[in-house]
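**Q** Pasting the sequence and the predicted model now:
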Amino acid sequence: MYQEVEFVSENATLRGRHYCHAETSKPTIVMTHGTSATITMMVDRYAKAIFEAGFDVLFYDHRNFGLSGGEPRQEINPWVQARGYRDAVRFLRTSHQTDRVVLWGDSYSGGLVMVAGALIRDVSAIVAQIPVCGATWPDGAADQNAFDTLSELFETGDVGGGPADVVGPMPVVSLDQINAPSLLTPPQAFRWFLEYGGRHGSGWENKVTRVVPRTTVPCSPLVTAPHLNMPVLMMNGRNDEMVHCNPELQNAVFDRIAGPKEKAIIAGGHFGLLWEDSPSFVKAVTTQIEFLKRVL
């Protein structure tokens, strides 16, 4: 059903799968996972359903995670991950002559697709699933000058960060926040990661380092939203327990999106739609497919 593919991004080889209808060229949905996960932790279920609905799909592990290369292992950097989307699109356009691409992201990547989508040429649509838009309002302006600076940083800026920008290494999840504090603290996160990450062959490790470089402009969808002119579906979790999915900031991003936009609220908090075959998953993927068929 799929081909294993690889492409280069930030001097590392990113690896994933390409679901492709052989008979005709289809719009391609470019997908990847959220914080510390891998593509076999529910992204593959969304990819398969979207493919069966008639779209091509490319989904891959972020740099430093899962099947993909890159060092240090298990390190998250939002700029690096956003550039991964850029290079995935470039790979499709050069190697497969793909005309129409859609960016799909979950959780941390749900916020990043609304950054990368404004910076990658001719993105046809965006699906931002339970997007991380921030816990608090970022410092600095979000005007045209800020966007121009962000664009320069995205293309050529030094976004490696320094020691003061690093959190970790530490567990992704833990039940003992006193003796073994983790990056993600809600018990719902612990339950989900241990279930899906604990499956054979997932490639998940309960270890993560987060690097958020102190750039002059943050890698934030609050800056890029006014430059999103393509159709955008923002899918939020009702009563999302993750602090970086602050609904005030999610709503602010949605309000700033310039192009056609739709919002869907899915029950089950942050992780409800990440449980396979659950009512929340079925509703989420059905809503996404209907959106993609309508706008493409």
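**A** Thanks, I have the structure now.
**Q** so how many other residues sit close to the residue nearest to Gly197 when sequence neighbours are not counted?
**A** Of all residues beyond its chain neighbours, the one nearest Gly197 is Trp204 (3.3 Å), with distances taken as C-beta to C-beta, 6 or more residues apart in numbering. For glycine as for every other residue, the C-beta is placed from the backbone atoms N, C-alpha and C. Residues near Trp204, counting by other C-beta atoms under 10 Å, number 22.
**Q** same thing with the one 4 residues further on?
**A** By the criterion of other C-beta under 10 Å, Val208 has 23 neighbours.
**Q** bridging residues for it?
**A** Beta bridges link Val208 to Met170 when assigned by DSSP bridges.
**Q** wait, what's in contact with it?
**A** Applying C-beta atoms under 8 Å, 6 or more residues apart in numbering, one finds that Val208 lies in contact with Thr35, Ser36, Gln74, Glu75, Ile76, Gly168, Pro169, Met170, Pro171, Val172, Leu183.
**Q** The last one: how many residues sit nearby?
**A** Same thing as Leu183. 20.
**Q** got it, and Ile126?
**A** The burial count for Ile126: 27, using other C-beta under 10 Å.
**Q** List the beta-bridge partners for it.
**A** Leu103, Val232.
**Q** Use 58 as the first number for this chain going forward.
**A** With the count now opening at 58, the last piece we talked about shows up as Ile183.
**Q** shouldn't it be in contact with Gly174?
**A** Yes. Under the criterion of C-beta atoms under 8 Å, Ile183 makes contact with Gly174 at 4.6 Å.
**Q** Need the overlap of contacts for these two.
**A** Residues touching both Ile183 and Gly174 (C-beta under 8 Å, 6+ apart): Leu160, Leu285, Met287, Val289.
**Q** could you pull out the strands for the stretch 208-353 of the chain?
**A** 223-227, 265-268, 289-294, 318-323 (DSSP state E, counting those that start in this stretch).
**Q** Out of the ones you listed, which is the most enclosed?
**A** Stretch with highest mean neighbour count among those: strand 289-294 (a mean of 24; mean count of other C-beta atoms under 10 Å).
**Q** So which residues of the stretch 58-207 of the chain form strands?
**A** In the stretch 58-207 of the chain, the segments counted as strands under DSSP E, counting those that start in this stretch are 59-66, 69-76, 85-89, 113-117, 132-133, 158-163, 180-186.
**Q** Looking at these, which is nearest to Val352?
**A** Val352 sits nearest to strand 180-186 of all the strands of the stretch 58-207 of the chain, at 5.1 Å, using C-beta to C-beta.
**Q** tell me the phi and psi of the most far-flung residue of the chain relative to its centre?
**A** In the chain, the greatest distance from the average C-alpha position (C-alpha atoms, centre = their mean) is reached by Asn236, at 30.3 Å. With angles defined as degrees, to the nearest 10, Asn236 sits at phi -90, psi -20.
**Q** Could you report the pLDDT at it?
**A** Asn236 is assigned 94 on the pLDDT scale.
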